[in-house]
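**Q** coordinates only, no sequence provided:
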């Protein structure tokens, strides 16, 4: 997993991509506090576990893929679709 930082709030998550279509995100416990989108959607004392995504973080992940700092890789190396791109 590779760190990706949200350009909007600075929240850092760990991401991995096994193909251009697959993105796995590991959120930190602080996401509900740091992420402005999560904070606005989580009731006091609630949890962010059921929130599927943050649009700002999604855009930051897409930028990381576009600039090459997040690569689509399997445990065995580059994803086949990424190698053809």
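**A** The structure has been received and is ready for your questions. Being a predicted model, the structure only gives us computed values, none of them experimental.
**Q** can you give me the strands for the protein?
**A** For the chain, the strands defined by DSSP state E occupy 2-5, 12-19, 22-26, 73-74, 77-78.
**Q** tell me how far residue 13 lies from residue 73.
**A** Residue 13 sits 17 Å away from residue 73, taking CB to CB, to the nearest Å as the criterion. All C-beta atoms are positioned from the backbone trio N, CA, C, and that covers glycine.
**Q** those two - which one has more neighbours?
**A** residue 13 (21 against 16; other CB atoms under 10 Å).
**Q** which residues sit against the helix ranked longest in the chain?
**A** In the chain, with assignment by DSSP state H, the single longest helix is helix 55-66. Where contact means CB atoms under 8 Å, 6 or more residues apart in numbering, the residues beyond helix 55-66 that reach it are 2, 4-9, 11, 13, 15, 17, 20, 23, 25, 35-37, 70-72.
**Q** out of those, which end up buried?
**A** For the contacts of helix 55-66, a neighbour count by 16 or more other CB atoms under 10 Å gives the buried set as 4, 6, 9, 11, 13, 15, 17, 23, 25, 35, 37, 70, 72.
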